[in-house]
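Novice: Build the 3D model from these lines:
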Amino acid sequence: MTSTKSSSEEFSVSTLSMKSPSPFVTTQAYRYITSGIPQYKHHSLNDHLCQQPSLLRHPGTQLTMKAIISGVAPLMLSTLCWLVTGRPLAGSKCNLTCQKTSFRQIQCQVAELNATAQGLFDSYVRHQGSPFSKDRLDALCNCTEKFPSFVNETSDTKEKLIALYKIFAFFNASLGNITKDTENHPGNKEDLLKRLRDTTATSQGLLSNLRCLLCTQYNVSHVNVTYDTVKKGDFEKKKQGCTVLRKYTTVISRAALAMGRCQQQT
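Specialist: Okay, here's the model as predicted:
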C-alpha cells in the first residue's frame, strides 16, 4: 500500500497482517458494522465513534472480531477516527477535543506504564504454570513478534510521538488478546487481570493523547501500524503473550528514558 502526501503529513493506512488468502485487511473491511447497531458508511461511522466513544462498547461491535482477529477489532474501532478514514482530521475538530493535551501528560503516562511493566510481565509468567518460569524465558518467550521499536533518544519530538503511537497501537491489540485468553482460562488470576486492565486503560489514554498532539501540533493524520498473526493453541498463545510482554518491558523502558521524567503540574 502506498503513502500519499497532502498539505498535512500522511502515512499509509493501517493494515492487519494475517494468514489468509488476502494478506491485508484495508478500510474496505470496515465499511459497515452490523449486528443490531446503526449502520454507517465508514466515514460517518468514524465521526460518530469520535463523538460517542460509548458505542465502542456496544455488543454488536464484537461481530468484527470474528471477521478479523480476536482482540484486534476493539483497537481498530477505537482508532478509526484517525487511522482508517483515509482523510486528515479537520483542524477545528482536533482543536476542540484536544486543546488541553500536553506533552507533559504523555510523559507521565509513559512513566506510569514503565513503572508497572515489569510487575505485569512477572505476574503473567507466574500465572502460566509449568513449564513457564524465570529461568526458561529465553526458551519459551521467543516468538518472532514484530514489536515496533522506539527511536533514538536524539530523535526529534515528532518522531518520538509517532514511534510511541506505533508501539501502543500494536501493544493495545496484543493486550486485548492476552486479556481475553486469561479470562477464558480457569484459576485465580485476579492479580494478573487487574494489571492487564489497568495497563490497557492507561495505554488507551496514552493513544488518545498521542492522536490529539500529533493532529493538532504536527499535522500528522495517518500512521502505518502492522499487526502480527494471532497464534493458535493455548501453549502457543501463552508463548506469544510472554514474548510480547517481555519485549514491552524493554521498549517501554527505552521510551521512558527518551521521553524524560514526569513533571506534575503545580
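
Novice: how about the helices of the stretch 101-250 of the chain, start to end?
Specialist: Using DSSP state H, counting those that start in this stretch, the helices of the stretch 101-250 of the chain run over 103-127, 137-140, 157-183, 190-218, 234-259.

Novice: Relative to Asn224, tell me which of the ones you listed wins on proximity.
Specialist: helix 157-183 (7.7 Å; CB to CB). Where you see a C-beta, it was placed from the backbone N, CA and C, and this is true even at glycine.

Novice: Okay, angle between the closest one and helix 234-259 too, please.
Specialist: Note on geometry: by axes from the mean of the first three to the mean of the last three CA atoms, to 10 degrees, helix 157-183 and helix 234-259 are set 150 degrees apart in direction.

Novice: Helix 157-183 to helix 190-218, inter-axis angle?
Specialist: Angle between the axes of helix 157-183 and helix 190-218 is 150 degrees (criterion: the same axes, to 10 degrees).

Novice: in helix 157-183, what's buried?
Specialist: Within helix 157-183, the residues that qualify as buried are 160-179, 181-182, counting by 16 or more other CB atoms under 10 Å.

Novice: State the mean pLDDT of that helix.
Specialist: For helix 157-183, mean pLDDT is 93.

Novice: which secondary structure elements does that helix contact?
Specialist: Helices and strands in packing contact with helix 157-183 are listed as helix 73-79, helix 103-127, helix 190-218, strand 226-227, helix 234-259; criterion 3 or more CB pairs under 8 Å, 6 or more residues apart in numbering; DSSP states H and E.

Novice: same for the shortest one, what does it pack against?
Specialist: In other words, strand 226-227. In terms of contact count using 3+ CB pairs under 8 Å, 6+ apart, strand 226-227 is assigned the packing partners strand 15-17, helix 157-183.

Novice: could the ones you listed be laid out in CSV, adding distance to Tyr218?
Specialist: Conversion of those to CSV gives the following (distance: least, CB to CB, whole Å):
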stretch, distance to Tyr218
strand 15-17, 22
helix 157-183, 5
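
Novice: nearest to Asn114, of these?
Specialist: Per CB to CB, nearest to Asn114 of the helices and strands packed on strand 226-227: helix 157-183, 11.9 Å.

Novice: Contact partners for the residue nearest to Ser174 when sequence neighbours are not counted?
Specialist: When the adjacent residues along the chain are set aside, Ser174 lies closest to Val244, with 4.6 Å between them (CB to CB, 6 or more residues apart in numbering). Each residue near Val244 by CB atoms under 8 Å, 6 or more residues apart in numbering is listed here: 143, 145, 147, 171, 174, 178.

Novice: out of the residues you listed, who's nearest Gln109?
Specialist: Phe171 (12.9 Å).

Novice: any idea how far that closest one lies from Val251?
Specialist: 8 Å (CB to CB, to the nearest Å).
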